[in-house]
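# below is the structure, and that's it, no one-letter string:
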């Protein structure tokens, strides 16, 4: 039998908006997925050379090592304020922050609230994994009632620690918010939806429509004490219930954009 | 340009604008709010950025963000607000981006009051935020100096990629006196921004601005770089004014408003035949230690006057190196010492000197 000729077809390549460096993230962590989605969106929009990112304090503190674009590293929770300063003096650039739940919903609650309230024309990628990753698994403002963390060893007791904050629900109430949605990274279908939302958020900024945020339900297998697979299942079975997926704020002007794009 | 009657807070804000300040972020706090109000009106007129932040914490981080973009940017506040900025200032120092801040000090600690004080000396001059750094600190004693030092602050900040803080007090912020504003400087175009600035990685490698170095040896490199920079600043940027020190037996050392009060007292004492002179440090960091050392070698006693409990006193002691006795006269809580009170201290010292001879 004659040897079959191999035909090489490139079906996947690393995004040009990512560097060659391997990430420091734990196996099974979804940070890698969200980085890739953002990078692909930036590639597809052709805006890498006009985009400035802001890294948080948290596991993604070294995000600037992985994204191939101008980047700054903010103080804990202050990324939206820093992004505000950068964007106001660089109004023609695309400025995005990448923040975890401790950074955005706890120590940075004031900064995110007011950035949204001002309708600051920035994009926020909000990683909600219901735990503090970098410091080793303490309670986050998004930790679920009953969830065990190293600072709630018997599970989050709502009598003591109160209730989780639902940031999409809160921020969508503000008039300055143009696009506020929650997606999840627990399976392929949801990852594809997440990417579309990230694209929409960057488009919102490009068109100067106001504050945009995509919350991504994410996994932290290491600090949840689970395998990668179990962690994804845990998102689906527990987090999605507490943090319903959906579009919380889509300003009417974006709806028009969407329709135009569909034509 | 001709002199005009200007309020300190308005004067330094307008001076910053004329020095090419492209963005101002602030939060209302007495006794510096007129600066924020002036910026609110003038910056949009000129097509520049003014934003009232939700807090001083946010304001200084907005300054940090704009500084990363390579523009001339500033904030101003007063003592409690400046405390809130310490975190951001430390990050700015660690990232080595230029920024200017004006602190119009008021009485404290805590909420204190809105009267003039010099109680932030240690916090501002010794660093303030966490970690190892020094902002350059300039202390004006008149509205004219408030203007001149603000203009100079932007140049120094860019020259050394550091923070420059104008340390003034409520009396200077609120005072009106004749002063001359500089000519309007042209604002830099985007293309003229420094090559380290975050302006989008077009036709170049990405620029990264960060203050985290996990490897202690790499962090130490940053610390050493900051130290080398500080050595240059200490060699080149020491500033002070002095009066009638040539034949003085008594040296009064005081900065800012205290220095201005002391100047009146020194002049009156001279009329009484007391051989007294004045050293008024302008740069509080870098401190004029060498000049204090020289003066201590010539006089019989030093009097330090401050509107606090004796914070600069420590720096005078360092410069004095135990040569001559130092006495301290201070008013606290927002009280400005009267020239007569300082004069009385000078007379007491003179009597001590007479008695010992």
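Structure's in. What do you need? All values derive from a computational prediction rather than experimental measurement.
# alpha carbons only for contacts and neighbour counts from here, please
OK.
# so residue B:280 bridges to which residues?
Under DSSP bridges, the beta-bridge partners of residue B:280 are residue B:241.
# nearest residue to residue B:50 in space, ignoring adjacent ones along the chain?
residue B:24 (5.0 Å; C-alpha to C-alpha, 6 or more residues apart in numbering or on different chains).
# surely residue A:209 touches residue A:176?
No: the pair residue A:209 / residue A:176 is not scored as a contact, 9.1 Å apart, by C-alpha atoms under 8 Å.
# give me the contacts around stretch B:204-223.
A:64, A:68-74, B:68, B:91, B:94-95, B:132, B:196-198, B:200-201 (C-alpha atoms under 8 Å, 6 or more residues apart in numbering or on different chains).
# in chain A, which helix has the most residues?
helix A:188-206 (DSSP state H).
# for that one, packing partners?
Helix A:188-206 is packed against helix A:31-45, strand A:94-100, strand A:123-128, strand A:177-184, strand A:211-217, with contacts defined by 3 or more C-alpha pairs under 8 Å, 6 or more residues apart in numbering or on different chains; DSSP states H and E.
# in CSV, list these along with mean neighbour count.
Output for the helices and strands packed on helix A:188-206, formatted as CSV (neighbours: other C-alpha atoms under 10 Å in any protein chain shown):
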stretch, mean neighbour count
helix A:31-45, 19
strand A:94-100, 28
strand A:123-128, 26
strand A:177-184, 27
strand A:211-217, 28
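# wait, which of the ones you listed is closest to chain B?
Between chain B and the helices and strands packed on helix A:188-206, the tightest spacing by C-alpha to the nearest C-alpha is seen for strand A:94-100, at 8.8 Å.
# just checking, what packs against the helix or strand following the closest one?
Using DSSP states H and E, the helix or strand that follows strand A:94-100 towards the C-terminus is helix A:101. Packing contacts for helix A:101, counted by 3+ C-alpha pairs under 8 Å, 6+ apart, involve strand A:123-128.
# could you list every helix and strand in contact with the strand it packs on?
strand A:94-100, helix A:101, helix A:188-206, strand A:211-217.
# tabulate these (TSV), appending mean pLDDT.
TSV is the format used below for these (pLDDT from 0 to 100):
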stretch	mean pLDDT
strand A:94-100	98
helix A:101	98
helix A:188-206	98
strand A:211-217	98
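# out of those, flag the one nearest residue B:105.
Evaluated over these, closeness to residue B:105 peaks at strand A:94-100, with 34.1 Å, by C-alpha to C-alpha.
# and the angle from the closest one to strand A:211-217?
Orientation check (axes from the mean of the first three to the mean of the last three C-alpha atoms, to 10 degrees): strand A:94-100 against strand A:211-217 gives 30 degrees.
# if we can go back for a sec, can I get the helices and strands packed on helix A:188-206 in CSV with distance to residue B:62?
Formatted as CSV, the helices and strands packed on helix A:188-206 follow (distance: least, C-alpha to C-alpha, whole Å):
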stretch, distance to residue B:62
helix A:31-45, 24
strand A:94-100, 13
strand A:123-128, 16
strand A:177-184, 19
strand A:211-217, 16
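# of all the ones you listed, which one is nearest residue A:249?
strand A:177-184 (4.9 Å).
# quote the end-to-end distance of stretch B:39-51.
9 Å (C-alpha to C-alpha, to the nearest Å).
# ignore what I typed, I meant stretch A:219-229.
Chord length of stretch A:219-229, first to last residue, is 10 Å (C-alpha to C-alpha).
# what lies in contact with it?
A:26-30, A:129, A:131, A:133, A:136-137, A:149, A:186, A:230-232, A:235.
# ok, now with 7 Å
A:28-30, A:129, A:133, A:136-137, A:231-232, A:235 (C-alpha atoms under 7 Å, 6 or more residues apart in numbering or on different chains).
# show the buried residues in those residues.
Listed as buried from the contacts of stretch A:219-229 are A:28-30, A:129, A:133, A:137, A:231-232, A:235; burial here means 16 or more other C-alpha atoms under 10 Å in any protein chain shown.
# which parts of chain B are helices?
Going by DSSP H, chain B shows helices at B:8-18, B:33-45, B:56-68, B:79-84, B:86-95, B:121-125, B:143-160, B:170-174, B:216-236, B:256-271, B:289-296, B:313-320, B:339-356.
# whoops, I mixed them up, the stretch 1-150 of chain A
Listed in chain order, the helices of the stretch 1-150 of chain A (DSSP state H, counting those that start in this stretch) span A:31-45, A:63-66, A:79-89, A:101, A:109-117.
# what parts of the stretch 101-250 of chain B come near chain A?
Within reach of chain A by C-alpha under 7 Å from any C-alpha of the partner chain, the stretch 101-250 of chain B has these residues: B:198, B:200-202, B:206-210.
# by neighbours, which of these wins?
Neighbour counts for those (other C-alpha atoms under 10 Å in any protein chain shown) peak at residue B:198, which has 29 neighbours.
# contacts only, for that one.
Residue B:198 neighbours (C-alpha under 7 Å, 6+ apart): A:52, A:70, B:68-69, B:207.
# one more: residue A:254?
Per C-alpha under 7 Å, 6+ apart, neighbours of residue A:254: none.
# what helix or strand is it located in?
Following DSSP H and E, one finds residue A:254 within helix A:252-262.
# ok, and the closest non-adjacent residue to residue 85?
Using chain A here. Using C-alpha to C-alpha, 6+ apart, the closest residue to residue A:85 is residue B:62 (4.1 Å).
# actually, chain B is the one I wanted.
residue B:57 (5.3 Å).
# could you report the neighbour count for residue B:118?
Neighbour tally, residue B:118, other C-alpha under 10 Å: 34.
# so how far is chain A from it?
As for residue B:118, its distance to chain A is 29 Å (criterion: C-alpha to the nearest C-alpha, to the nearest Å).
# what sits against that residue?
B:105, B:169, B:306-308.
# can you check residue A:147 too?
A:155-156.
# what residues does chain A put near chain B?
Contact residues (C-alpha under 7 Å from any C-alpha) of chain A with chain B: A:49-52, A:64, A:68-73, A:75, A:78, A:81-86, A:88-89, A:111, A:114.
# give me that answer again for 8 Å
Near chain B, the residues belonging to chain A are A:48-52, A:64, A:68-75, A:78-79, A:81-90, A:93, A:110-111, A:114 when assessed by C-alpha under 8 Å from any C-alpha of the partner chain.
# in ChimeraX, how would I select the buried members of the residues you listed?
Entered in ChimeraX, the line below selects the buried ones among the residues of chain A next to chain B, by 16+ other C-alpha under 10 Å:
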select /A:48,49,50,51,52,64,68,69,70,71,72,73,74,75,78,79,81,82,83,84,85,86,87,88,89,90,93,110,111,114
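# mind checking the SS state of the nearest residue to residue A:173 once chain neighbours are set aside?
Nearest non-adjacent residue to residue A:173, counting by C-alpha to C-alpha, 6+ apart: residue A:249, 8.0 Å away. Following DSSP: H, G, I helix; E, B strand; the rest coil, residue A:249 is assigned to strand.
# just checking, residue A:249 touches residue A:175?
No: shown here, residue A:249 and residue A:175 do not form a contact pair, counting by C-alpha under 8 Å, at 9.5 Å.
# what count of nearby residues applies to the closest residue to residue B:135 other than its chain neighbours?
Nearest residue to residue B:135, sequence neighbours excluded (C-alpha to C-alpha, 6+ apart): residue B:163, at 4.9 Å. Neighbour count of residue B:163, defined by other C-alpha under 10 Å: 26.
# please name the residues that touch the residue nearest to residue B:85.
Taking C-alpha under 8 Å, 6+ apart as the definition, contacts of residue B:57 comprise B:84-85, B:87-88.
# and stretch B:201-210, how far from the chain's centre?
Relative to the mean C-alpha coordinate of its chain, stretch B:201-210 is positioned 33 Å out (C-alpha atoms, centre = their mean, to the nearest Å).
# that stretch - what's its average pLDDT?
Averaged across stretch B:201-210, pLDDT comes to 97.
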